[in-house]
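A.B. asks: sequence below, structure please.
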Amino acid sequence: MPIRIGHGYDIHRTKAGRPMILGGVRFAESPIGLDGHSDADCLTHAICDALLGAAGLPDIGHFFPNTDPACKDIDSQILLRRVIATLAERGWSPVNIDATLIAEQPKIQPRLDEMKNTLAASLGIATDCIGLKATTNEGSDDIGRSLAIAAHAVALISKP
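C.D. replies: The predicted structure is shown next:
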């Protein structure tokens, strides 16, 4: 069974007046959101890039450019499901995801299970096939000053 691994990374600046959405979960308690053309869900974007990279395909910006009006404020779970469909067309299926969110706020740990459930539904895999962690940047750089949030993701895909 052929398998491949890919890595994805995304970062978005924070912005007042935007909803905070991470892993498909809305953090209504957050006074800031992420700035971007879509809903700016950096965790989901990193996962998309990891999946696309594992399949040897171009990154998320190639498939969903920020110049495309159809992608304006789009739910990133829709993008993730489209990535899964693109992989399926080529015979690939996700096996597992491991991802880390890097943010000072909002507090992510209490919402990890909710994010795993949302991502698992979009990916078509079980929640126990998703490793999801959250950490801070200990006050250093833009992430540490709550001016940005970043995510790293690794995806394993297979071709049965």
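A.B. asks: was I right to think residue 74 contacts residue 39?
C.D. replies: Yes - using C-beta atoms under 8 Å, residue 74 is in contact with residue 39, at 6.7 Å. Glycine gets a C-beta too; all of them are placed from N, C-alpha and C.
A.B. asks: center of the chain, which residue is that?
C.D. replies: residue 44 (1.5 Å; C-alpha atoms, centre = their mean).
A.B. asks: A helix includes it, no?
C.D. replies: Yes - under DSSP: H, G, I helix; E, B strand; the rest coil, residue 44 sits within a helix.
A.B. asks: so how many other residues sit close to the residue nearest to it when sequence neighbours are not counted?
C.D. replies: Excluding its sequence neighbours, the residue lying closest to residue 44 (C-beta to C-beta, 6 or more residues apart in numbering) is residue 76, at 3.9 Å. Other residues within reach of residue 76, judged by other C-beta atoms under 10 Å, total 27.
A.B. asks: any idea how far the residue nearest to the centre of the chain is from residue 3?
C.D. replies: Look at residue 44 and residue 3: by C-beta to C-beta, to the nearest Å, they are 22 Å apart.
A.B. asks: mean confidence for the strand ranked longest in the chain?
C.D. replies: When the chain is parsed with DSSP state E, its longest strand is strand 3-16. In this model, strand 3-16 has a mean pLDDT of 97.
A.B. asks: what is it packed up against?
C.D. replies: Judged by 3 or more C-beta pairs under 8 Å, 6 or more residues apart in numbering; DSSP states H and E, the packing partners of strand 3-16 are strand 32-34, helix 42-54, strand 148-158.
A.B. asks: same thing but at 10 Å, please
C.D. replies: strand 32-34, helix 42-54, strand 93-102, helix 141-144, strand 148-158 (3 or more C-beta pairs under 10 Å, 6 or more residues apart in numbering; DSSP states H and E).
A.B. asks: tell me the mean pLDDT for stretch 119-127?
C.D. replies: 98.
A.B. asks: with only the CA atoms kept, save it in PDB.
C.D. replies: What follows is stretch 119-127, C-alpha atoms only, in PDB (Å, rounded to 0.1, in the frame of the first residue of the first chain):
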ATOM      1  CA  LEU A 119     -12.100  18.100  11.400                       C
ATOM      2  CA  ALA A 120     -12.800  14.300  11.400                       C
ATOM      3  CA  ALA A 121     -16.200  14.900   9.800                       C
ATOM      4  CA  SER A 122     -14.600  17.000   7.000                       C
ATOM      5  CA  LEU A 123     -11.700  14.500   6.500                       C
ATOM      6  CA  GLY A 124     -13.800  11.400   6.600                       C
ATOM      7  CA  ILE A 125     -11.600   9.800   9.300                       C
ATOM      8  CA  ALA A 126     -12.100   8.800  13.000                       C
ATOM      9  CA  THR A 127     -11.300  11.400  15.700                       C
END
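A.B. asks: understood, closing this out.
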